[in-house]
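Q: pasting the sequence and the predicted model now:
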Amino acid sequence: MKNIVVITIEHLAARALGCYGNPVGATPHLDRFASEAVRFENCTVPSPLCVASRVAFFTGRYPSVTGSRDNTLLMQEKEGFHLPGLLKDAGVGCGLFGKNHCFPDAEAAGFEACIEESPLRQKQREAYGKPFPGPAVPIDPSVFESQTRRFRWGDHPNPIWYGGTYPFDPAESPARANVNQALDYLERKGDEPSFVWLSFSDVHPPYRAPEPFATMYRPEDMPLPHRPEGELDSKPFVQQAYYHGGWLHLMDDEQLRQTMAYYYGMLRYLDECLGKFFDGLKALGRWDDTIIIATGDHGEYLGEHGLIRKTAAFYDCIVQVPLIVRGLEHARDGATNALQIEQIDLMPTLLQSSGISIPPGVQGRSVIDMMSGMAPERDCTYAEVGSRQPLPEGGPKAELDALKAGISRTEPVPELPLVESGTFFLSRGRMVRNQKWKYAHYVNDRSELYDLQNDPGELVNLAGKPDYRDREEAMRSRLLERTIEAGDPR
């Protein structure tokens with residue numbers, strides 16, 4: 001039985017990596033790893049939100065089935081099976097190092113070693129004793145005084161593109177600690193079969209990296225994404241509500257470039273940590289007997305469509321993540337693969353690689369079987385957004401109208417919904433995507449249709465246009481089929 005390492009990186013769109021075409025050059029170690037592994041070109045997350053995506057990954061089941069559809073509900077006991085539990089039952093030692101945000105009790109889930117990074121972050125905040133340094137170009141607080149507060153970002157009043165420097169040495173920062181602890185665990189395990197989940201909060205906002213990474217990239221060198229004026233006017237109301245509720249309408253090009261520079265510095269720091277992890281695996285003699293998966297739990301807007309972070313939407317920048325795999329059966333290392341993969345396919349793939357039966361009720365499809373021809377390839381990928389919270393009266397259109405009218409909530413800031421989670425409370429939606437077209441349908445909101453070949457930035461919404469009626473109907477029918485198929489098979 002091969003060892004397994006799953007590397008999960010927060011807020012990592014496929015297009016952020018050099019091996020997927022990004023020109024900034026922030027990921028030399030991941031790019032080198034991709035040259036020695038299989039790089040899958042089309043991998044879709046089940047939902048562009050942390051908990052929903054992570055729970056689906058480890059159960060091989062869609063968020064509408066697991067019930068973990070937003071960040072308020074971790075994996076439920078009713079699930080009955082998940083990857084670490086099944087591996088533990090097969091005699092595999094399991095370790096979690098970094099961010100959990102999935103299992104209510106990691107030890108009960110099967111992790112014999114669990115060192116989460118949040119206590120280290122809290123300890124370092126307390127040791128620093130004051131707010132971490134703000135952005136290089138300070139934000140004038142008077143700019144925000146007249147803004148309504150419909151959502152919140154954390155427990156403080158800064159805008160959601162806020163960033164700065166992480167004021168600790170790179171060797172002491174959380175990402176490096178995750179790597180060191182994972183390698184220590186693998187060394188202790190020796191020749192015993194092991195599963196390691198190496199999970200990073202980076203590159204999650206606020207965008208902060210230790211020096212020299214925080215200032216490694218110059219804001220003026222950052223390539224701004226193309227965005228036509230008024231682009232969001234034809235898009236779903238929930239996206240416009242996020243744009244205004246998150247004060248993104250106040251973010252100028254200088255602030256966006258600074259945010260991008262912080263993001264890529266943070267990513268470069270994380271990449272350096274992964275380089276040390278890969279070297280450590282080789283030094284332990286575990287490189288060639290380990291299946292290594294590097295992916296993201298969802299993507300990041302990073303200025304595309306005028307947005308930051310993530311929302312209840314399906315743009316490629318937030319639902320298409322990197323998937324780089326080394327050591328998988330039927331996969332030729334150094335190759336690229338155009339299969340359309342859903343991230344829930346990885347759970348049954350890893351079970352099959354370990355010789356463990358795939359339980360009834362798993363909705364993912366083994367990548368090994370698809371590559372070998374034992375299972376049909378997917379003709380499209382599918383994703384969901386939504387929440388277990390009831391939809392508010394009036395939905396996203398009413399929320400947008402209230403924002404534009406300057407109607408503010410009366411609740412204290414800590415009681416308001418988080419800015420991106422708030423969009424999931426406002427919206428219910430489903431998407432299908434193939435390599436040419438994408439269609440998304442939302443409850444009580446506008447639909448979306450994109451020609452991905454001619455409009456890869458998804459700037460022009462073709463839904464409702466007469467010339468594309470037949471295409472929209474065909475994609476809507478396929479979405480209906482996929483939504484029915486996504487129901488609980490048990």
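A: Here it is on my side, so go on. Numbering: from 1, shown residues only.
Q: only C-alpha atoms from now on, for both contacts and neighbour counts.
A: Noted.
Q: low-confidence ranges, the stretch 101-250 of the chain, go.
A: Across the stretch 101-250 of the chain, the ranges flagged by pLDDT under 70 are 153-158.
Q: please enumerate the helices of the stretch 151-300 of the chain.
A: 174-189, 237-245, 253-283 (DSSP state H, counting those that start in this stretch).
Q: ok, now how distant is the spatially most central residue of the chain from Ala313?
A: Nearest to the mean C-alpha position of the chain, counting by Cα atoms, centre = their mean, stands His298 at 1.5 Å. In this structure, His298 and Ala313 are 11 Å apart, going by Cα to Cα, to the nearest Å.
Q: out of the helices of the stretch 151-300 of the chain, nearest to Asn22?
A: helix 253-283 (10.8 Å; Cα to Cα).
Q: now the angle from that closest one to helix 174-189?
A: Interaxial angle, helix 253-283 versus helix 174-189 (axes from the mean of the first three to the mean of the last three Cα atoms, to 10 degrees): 10 degrees.
Q: pLDDT on helix 253-283, on average?
A: Here helix 253-283 scores 96 as its mean pLDDT.
Q: buried set for that helix?
A: Under the neighbour-count criterion of 16 or more other Cα atoms under 10 Å, helix 253-283 has 255-278, 280-281 buried.
Q: residues that sit against both of His298 and Ala313, list them.
A: Pro48 (Cα atoms under 8 Å, 6 or more residues apart in numbering).
Q: so who does Arg176 touch?
A: Here Arg176 is in contact with 170, 270, 273 (Cα under 8 Å, 6+ apart).
Q: tell me how far it lies from Arg152.
A: 30 Å.
Q: count of neighbours near Gly230?
A: Using other Cα atoms under 10 Å, Gly230 has 9 other residues around it.
Q: again, but for Leu339
A: Applying other Cα under 10 Å, I find that Leu339 has 18 neighbouring residues.
Q: His330 now?
A: 12.
Q: what's the closest of the contacts of Arg176 to Ser68?
A: Closest to Ser68, out of all of the contacts of Arg176 and judged by Cα to Cα, is Leu270, at 27.9 Å.
Q: contacting residues for the residue nearest to the closest one when sequence neighbours are not counted?
A: Of all residues not flanking Leu270 in the chain, Ala175 sits nearest, at 6.4 Å (Cα to Cα, 6 or more residues apart in numbering). Ala175 sits next to 98, 200-202, 270, 273 when contact means Cα under 8 Å, 6+ apart.
Q: export those to JSON lines and tack on distance to His305?
A: Putting these into JSON lines (distance: Cα to Cα, whole Å) gives the following:
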{"residue": "Gly98", "distance to His305": "31"}
{"residue": "Phe200", "distance to His305": "26"}
{"residue": "Ser201", "distance to His305": "24"}
{"residue": "Asp202", "distance to His305": "22"}
{"residue": "Leu270", "distance to His305": "26"}
{"residue": "Cys273", "distance to His305": "31"}
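Q: quick one: distance of stretch 44-62 to the chain centre.
A: 9 Å (Cα atoms, centre = their mean, to the nearest Å).
Q: that should have said stretch 42-55, apologies.
A: That offset, for stretch 42-55, works out to 6 Å (Cα atoms, centre = their mean).
Q: rounded mean pLDDT for it, please.
A: 97.
Q: the strands in this structure, which residues?
A: Secondary structure of the chain (DSSP state E): strands at 3-9, 38-44, 93-98, 113-116, 163-165, 194-200, 207-209, 290-296, 323-326, 336-342, 381-385, 429-433, 437-442, 448-451.
Q: for the ones you listed, give me TSV that also has distance to Phe57.
A: Listed next are the strands of the chain as TSV, based on distance: least, Cα to Cα, whole Å:
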stretch	distance to Phe57
strand 3-9	10
strand 38-44	11
strand 93-98	15
strand 113-116	18
strand 163-165	29
strand 194-200	12
strand 207-209	25
strand 290-296	11
strand 323-326	13
strand 336-342	9
strand 381-385	12
strand 429-433	18
strand 437-442	22
strand 448-451	26
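Q: out of those, flag the one nearest Cys50.
A: strand 290-296 (9.7 Å).
Q: and stretch 413-423, end to end?
A: 17 Å.
Q: can you give me the buried ones in it?
A: Buried residues in stretch 413-423 (16+ other Cα under 10 Å): 413, 416-423.
Q: contacts for that stretch, please.
A: Contacts for stretch 413-423 (Cα under 8 Å, 6+ apart): 70-71, 149-156, 238-239, 241-242, 245-246, 309-312.
Q: buried only: go through the residues you listed for me.
A: 70-71, 149-154, 238-239, 241-242, 245-246, 309-312.
Q: tally of neighbours for the closest residue to Ala335 other than its chain neighbours?
A: Distances taken as Cα to Cα, 6+ apart place Val38 nearest to Ala335, at 5.1 Å, with adjacent residues excluded. Residues lying near Val38 (other Cα under 10 Å) number 22.
Q: wait, Val38 sits on His330?
A: No: using Cα atoms under 8 Å, Val38 makes no contact with His330, being 10.4 Å away.
Q: circling back to that earlier point, Val196: which of the helices of the stretch 151-300 of the chain is closest?
A: Going by Cα to Cα, the one of these nearest Val196 is helix 174-189, 7.1 Å.
Q: list the buried residues for the closest one?
A: 174-183, 185-187.
Q: from those, which is closest to Leu452?
A: For those, the nearest to Leu452 is Ala175 (34.8 Å; Cα to Cα).
Q: ok, that closest one to Gly275 distance?
A: Distance from Ala175 to Gly275, by Cα to Cα: 12 Å.
Q: ok, Lys438 touching Gln453?
A: No: with contact defined as Cα under 8 Å, Lys438 and Gln453 do not form a contacting pair (10.3 Å).
Q: who has more neighbours, the two?
A: Remark: of Lys438 and Gln453, Lys438 carries more neighbours, 24 against 11, as counted by other Cα under 10 Å.
Q: what about that one, distance to Cys380?
A: Lys438 sits 9 Å away from Cys380, going by Cα to Cα.
Q: pull up the overlap in contacts between the two.
A: With Cα under 8 Å, 6+ apart, Lys438 and Cys380 have common neighbours Val432.
Q: quick check: His82 vs Lys465, distance?
A: Distance from His82 to Lys465, by Cα to Cα: 43 Å.
Q: more neighbours: which of those two?
A: His82 (21 against 10).
Q: the more buried one reaches Arg61, doesn't it?
A: No: contact criterion Cα under 8 Å: His82 and Arg61 do not qualify, at 9.7 Å.
Q: what's the burial count for Lys99?
A: Neighbour tally, Lys99, other Cα under 10 Å: 23.
Q: hmm, it is touching Glu116, no?
A: Yes: taking Cα under 8 Å as the definition, Lys99 is a contact partner of Glu116 at 5.6 Å.
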